[in-house]
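> Got a predicted model here, sequence first, then my questions.
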Amino acid sequence: MSSQRSETNDDRMIAMVLSEEYAKLDGAMAKRLTNLTSIPHVPRINTYFPTYSDATMDHYRLLDRLNAYGLFEVRVSGDGNCQFRALSDQLYRSPDYHKHVRKEIVKQLKECNSLYEGYVPMKYKHYCKKMKKSGEWGDHVTLQAAADKFAAKICLLTSFRDTCFVEIVPQYQAPQREIWLSFWSEVHYNSLYDAREKEVLVAVQISLANISLERSTGCCFNINAGVCFILVESYCLDRLDHRPP
């Protein structure tokens, strides 16, 4: 009995340490990049598509910047929905809610058309109808609409040669959160996190795998089951807390 109580206390202590580590990471990315000068964001639709050679060079440049600033990408599918998948991952801890994110952004575009139609060189109704379709690429207009809709400052670490940092801020309200995305060669977005968070995500994945193996084989893999469940429960609850309404 005393042994079980000791293990429970150990698990609680580990859970507290994990919570403290998560707290230390809050705002870490913003502090690390405060010395970067951002360029003004101008909403615009997609007009430029790079060659394969240019895109490859741009991607290497972006990877160098990620390493320099201690960031890592959660890579999302390049199926035409990457901007919305990356936004979903930042907002809801999963790219799977990209359809909801797209729906909310298109709703913002329609309801506040006076804020955006001046940046769209086509019939605005046609633009909104096009942007409603799954697989239609997001652009800098949809990024501005996302910043406005979700009251978020969107921070882009880019592969641009001249500057690497772009900020998109809400037009008529103070930002309530930050969203961090990588953007390379005008063609793909990913979700960005502090590199130290990667260790936590990897630990969760290992814990899930070990729990599954122990249940299926009955073998012990020398990892504290209580710690496994705490890691997984913490991760899953965090995702539940961030689900869209």
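Ah, there it is. Residues are numbered from 1 along each chain as shown.
> Show me how the record splits this protein into domains.
In terms of domains, the chain is parsed into 2-25+197-241, 36-195 (source: automatic domain parsing).
> Out of those, which gets the lowest mean score?
Ranked by mean pLDDT, the domains of the chain end with domain 2-25+197-241 at the bottom, a mean of 54.
> Is the closest residue in space to Val74 that isn't next to it in sequence in a helix, a strand, or coil?
By the measure of C-beta to C-beta, 6 or more residues apart in numbering, the closest residue to Val74 outside its immediate chain neighbours is Ser191, 4.2 Å from it. Any C-beta I mention is one placed from the backbone N, CA and C, and that applies to glycine too. Under the three-state scheme (DSSP: H, G, I helix; E, B strand; the rest coil), Ser191 adopts strand.
> got a list of what Ser191 touches?
Listed by C-beta atoms under 8 Å, 6 or more residues apart in numbering, the contact partners of Ser191 are Glu73, Val74, Val76, Arg85, Ala86, Asp89, Gln90, Pro95, Trp180, Leu181, Ser182.
> And the strands in the protein, which stretches?
Counting by DSSP state E, the segments of the chain that form strands are 71-74, 152-158, 165-168, 177-184, 188-194.
> Just the residues contacting the second one, thanks.
With contacts defined as C-beta under 8 Å, 6+ apart, strand 152-158 is touched by 29-30, 33, 38, 62, 65-66, 69, 71, 91, 143, 146-147, 164-170, 175-184, 192.
> For ChimeraX, write the select line for the buried members of these.
Typed into ChimeraX, the next command selects the buried ones out of the contacts of strand 152-158 (criterion: 16 or more other C-beta atoms under 10 Å):
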select :29,33,62,65,66,69,71,91,143,146,147,164,165,166,167,168,169,170,175,179,180,181,182,183,184,192
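> Could you list the buried residues of stretch 105-112?
Those buried within stretch 105-112 under the rule 16+ other C-beta under 10 Å are Ile105, Val106, Gln108, Leu109, Lys110.
> Including distance to Thr56, could those residues go into a markdown table?
What follows is those, written out as a markdown table (distance: C-beta to C-beta, whole Å):
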| residue | distance to Thr56 |
| --- | --- |
| Ile105 | 30 |
| Val106 | 32 |
| Gln108 | 34 |
| Leu109 | 33 |
| Lys110 | 38 |
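> and Lys123, backbone torsions?
The phi and psi values for Lys123, taken as degrees, to the nearest 10, are phi -60, psi 130.
> burial measure for Asn67, as a count.
Burial measure for Asn67: 11 neighbouring residues, criterion other C-beta atoms under 10 Å.
> number of nearby residues for Arg61?
Here the count is done by other C-beta under 10 Å, and Arg61 has 16 residues near it.
> ok now do it, which residues does it touch?
Going by C-beta under 8 Å, 6+ apart, Arg61 touches Ser159, Arg161, Trp184.
> Go through the residues you listed and name the one nearest Gly80.
Using C-beta to C-beta, the shortest approach to Gly80 within those belongs to Trp184, at 15.9 Å.
> Hmm, Asp58 and the closest one touching each other?
Yes - when contacts are counted by C-beta atoms under 8 Å, Trp184 is listed as touching Asp58 (5.2 Å).
> Overlap in contacts, those two.
Residues touching both Trp184 and Asp58 comprise Ser159, with contact defined as C-beta under 8 Å, 6+ apart.
> Sounds good, over and out.
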